[in-house]
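Asks: fold the stuff below for me.
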Amino acid sequence: MSQISSPQGELKEPIRLRLSLMGELDLRTGSGEQIVIRGRKARAVLAVLGINAPRPVLREALAVMLWSRRDREQARASLRQAVHELIEAIGPLGGDILRVDRNHLGLRAEHLWIDIREINRSNLLNSPLGTGPLGRGPLVDLNGIDPEFDRWLQGERQRVVRTSRTLVETMLAGSQSPAETINIAQRLLALDPAHEGAWRALINTYAARGDRGLAIETYEQCASALAELSASPSDETRALADRIRNGTLARSEAAPASPTPTASTPAPGSANAKTADRGIRVGVMPFRLLDDTSADQLGIGLAEEITTALANFRVVTLISSSSLVRLINEPRENAAAWQRFDLDFLVDGAIQRSGLRVRVTVRLIDMRSAAEVAWARRFDRTDMDVLAMQEDIAAEVAAQIDPEMLMRETNRIAQRGIDPEAHALLLQAIPAIHQLDRQRFLAAGGILESAVAIAPNYAAAHAWWAYWHIFLHGQGWSTDPAKAVERAEALAARALDIDHTDARATTIAGHIRSFLHHRNAEAAALHERALWLNPNLPIAWVFSGLTAAYQGHHEDAIERIKRAIRLSPFDPHASFFDTAMMVPHLFLGHFEKVLDLALRVEAVNPSITSRHKLQLAALGQLSRLDEAATVCAALLALEPSFCVSLAVKRAPIEREIDRQTYAEGLRRGGLAETAPA
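Replies: Residues are numbered from 1 along each chain as shown. Sure thing, here's the model as predicted:
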């Protein structure tokens, strides 16, 4: 194929481009001509934009990621040079495919085919083992560019493996023949050599075929693979091998052609290896078509998109539509038919079409409560861009049902009394963090401490305890603020050491960098990474929006926080989302908007002290002094030592004009310059 290194004048119209990120980065025109981008850093920028497409990426995040050892201005200048190289190479070919503005860079995905977004059943199963879509992992030619980029790249590789593993697990659950089971199980082990579910599927299938020797040999291979991770086969796997050795496992007892889906053995250090919690088991059904049968592919595609979106949440074990399709006409109340999947929750829905208009209804069903509908929502869209519509709906569904499932699990645990396992303790603590009732909040700290003690390798417990310390400091409830800051940072760091692909831990670490240490550029990069790991995590959008506001990017901050609210409008921490939205509006001078938001927060959660501070600053700027006096008194009752100088010292605000807006508003509102002696 010919190479295009200087495309100027060769093409008169924008064309569709193909970007390959699996293996080595490769950019080609629709006709197969290669577009050469010579600079490795420019190629790295394209890779980041491609993986993130169509979402834009903060310039600041790219600069920190690719030039972490340079000062801020040098990094920005180097990024400008890399962007210029991309424009020179791609601009004449791709028209407006590159989106460039003052704060963001992005790619318009409608003109771009990206291989990493196309991982599916066919290309996972129909290519030789080891040479499939995963190959050696994404972007092997860009290793060693920068330590921060290497860390991001490692996380992306793990994300691709995790997504592929979830897809192959669902295929294993729905396999229809021994040959198919063997093929799928081998693919799964190529992705995760410690996956005991795949090993047992192979052992069972060989035993069912009467090949006792191969079944025992496969068990020995399983034991060797686990030993490399300082683990050993589970009691279930050892018992299976013993029965095969002893000849007590009849062929009729061996696994059927369609084995029950099984979850991966947790790798040491990546989850709570002590308890190996099964997670919340969620099934996603193909969506029913109420009229137009041409929407069949839309129903299947939407179910798969929801499965992919939910896969980003740590506490969920997924059974996808490909496994459940045979039960599509079974009543939910028919427990026997559904029992083999052992579901906690089921996501199902229906699609109606009228011309270009599409109405999608989605339900979350609690399968342990007589098929009770736990959550439901209707989405009205047009199908002008079907893929974008599916992605948009899936993102909102995933973000909204995740807290609903967590709250139901919490209530179930509370009804049983205190559960000693770390995951159960974590679920007990989360509502108190959301509610910010001081007594319950402080008790939650002790519960989280117990969870960490029980499971020192449980990343989620460390992340939530770090989150708890942020609010302990922010609410002014800590008797030793410096120690609270130190503890929050240590816990977030430990969570990332355990599992550096945990999006919640990553965004919490970012918020600590900005809110507690005023290192906003580093925080922005961490938030962007969290959103790559899980673009449907509302708190990551909120924290990234706050950091953008601290940096002075107020319009961007508002859009990011709006994204969180769209994803989860009834989130248990929605009052914190509204409080965060007050920050950019205050700096933009939208003082009446700040007061409207403050009233909304007060109605839901009057305990958030940040609301009082921002409300007081807005009232001071508007010279509404009587109201300001009432708010100031309420603030000092919650945080008696708060004053203007402390407010300015604590706030990670970069622009002088924003600091003045905040400080002058508090001053005019009646807050003392310094704390009383």
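Asks: list the buried ones in stretch 554-574?
Replies: Neighbour counts using 16 or more other Cβ atoms under 10 Å place 554, 556-558, 560-561, 563-565, 567-568, 571-574 of stretch 554-574 among the buried residues. From N, CA and C alone the C-beta is placed, and that goes for glycine too.
Asks: likewise for stretch 376-391?
Replies: 377, 379, 381, 383, 386, 389-391.
Asks: got the CA coordinates for that stretch in CSV?
Replies: What follows is stretch 376-391, C-alpha atoms only, in CSV (Å, rounded to 0.1, in the frame of the first residue of the first chain):
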residue,chain,number,x,y,z
ALA,A,376,-37.8,2.2,35.6
ARG,A,377,-37.2,5.0,33.1
ARG,A,378,-38.4,6.1,29.6
PHE,A,379,-36.0,7.6,27.0
ASP,A,380,-37.3,9.4,23.9
ARG,A,381,-34.7,9.8,21.1
THR,A,382,-34.4,9.9,17.3
ASP,A,383,-32.4,7.2,15.5
MET,A,384,-30.5,9.6,13.3
ASP,A,385,-27.3,8.2,14.9
VAL,A,386,-28.2,4.7,16.3
LEU,A,387,-24.8,4.0,17.8
ALA,A,388,-24.7,7.4,19.6
MET,A,389,-28.2,6.8,20.9
GLN,A,390,-27.4,3.4,22.2
GLU,A,391,-24.2,4.7,23.9
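Asks: hmm, back to that, in helices only, show me the buried residues of stretch 554-574.
Replies: 554, 556-558, 560-561, 563-565, 567, 574 (DSSP state H).
Asks: kindly indicate which of the buried residues of stretch 554-574 lies nearest S68.
Replies: The closest of the buried residues of stretch 554-574 to S68 turns out to be D556 (Cβ to Cβ; 22.1 Å).
Asks: now the helix or strand encompassing A466: mean pLDDT?
Replies: Assigned by DSSP states H and E, A466 belongs to helix 459-474. If you average the pLDDT over helix 459-474, you get 87.
Asks: and it, what does it pack against?
Replies: Helix 459-474 sits against helix 422-435, helix 438-454, helix 481-498, helix 503-511, with contacts defined as 3 or more Cβ pairs under 8 Å, 6 or more residues apart in numbering; DSSP states H and E.
Asks: looking at the ones you listed, which is buried most?
Replies: Mean neighbour count (mean count of other Cβ atoms under 10 Å) peaks for helix 503-511 among the helices and strands packed on helix 459-474, with a mean of 28.
Asks: got the CA coordinates for that helix in CSV?
Replies: Listed in CSV are the C-alpha atoms of helix 503-511, where the atom choice follows Å, rounded to 0.1, in the frame of the first residue of the first chain:
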residue,chain,number,x,y,z
ALA,A,503,-12.1,4.5,38.5
ARG,A,504,-13.6,5.6,41.8
ALA,A,505,-10.2,5.4,43.5
THR,A,506,-8.6,7.3,40.7
THR,A,507,-11.0,10.2,40.8
ILE,A,508,-10.9,10.3,44.6
ALA,A,509,-7.1,10.5,44.3
GLY,A,510,-7.5,13.4,41.9
HIS,A,511,-9.9,15.3,44.2
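Asks: quickly list the domain ranges of the protein.
Replies: 3-125, 280-416 (automatic domain parsing).
Asks: and the strands in this protein?
Replies: 3-4, 17-20, 26-29, 34-35, 57-58, 98-100, 104-107, 112-114, 280-284, 288-289, 316-319, 345-354, 357-366, 372-382 (DSSP state E).
Asks: adding distance to D658 and mean pLDDT, write these out as a markdown table.
Replies: Below are these laid out as a markdown table (distance: least, Cβ to Cβ, whole Å; pLDDT from 0 to 100):
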| stretch | distance to D658 | mean pLDDT |
| --- | --- | --- |
| strand 3-4 | 46 | 36 |
| strand 17-20 | 38 | 73 |
| strand 26-29 | 40 | 80 |
| strand 34-35 | 42 | 82 |
| strand 57-58 | 18 | 82 |
| strand 98-100 | 26 | 83 |
| strand 104-107 | 20 | 85 |
| strand 112-114 | 37 | 76 |
| strand 280-284 | 42 | 81 |
| strand 288-289 | 51 | 80 |
| strand 316-319 | 39 | 68 |
| strand 345-354 | 43 | 85 |
| strand 357-366 | 40 | 87 |
| strand 372-382 | 37 | 83 |
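Asks: where does pLDDT dip in the stretch 51-200 of the chain?
Replies: 91-96, 109-110, 116-138, 155, 158-159, 162-163 (pLDDT under 70).
Asks: ranges for the helices of it?
Replies: Along the stretch 51-200 of the chain, counting by DSSP state H, counting those that start in this stretch, helices occupy 59-66, 72-94, 121-125, 147-173, 178-191, 196-208.
Asks: closest one to A398 among the ones you listed?
Replies: Here helix 147-173 is closest among the helices of the stretch 51-200 of the chain (Cβ to Cβ), at 13.1 Å.
Asks: return the set of buried residues in the helix of greatest length in the chain.
Replies: Secondary structure of the chain per DSSP H: the longest helix is helix 386-416. Buried residues in helix 386-416, counted by 16+ other Cβ under 10 Å: 386, 389-410, 412-413.
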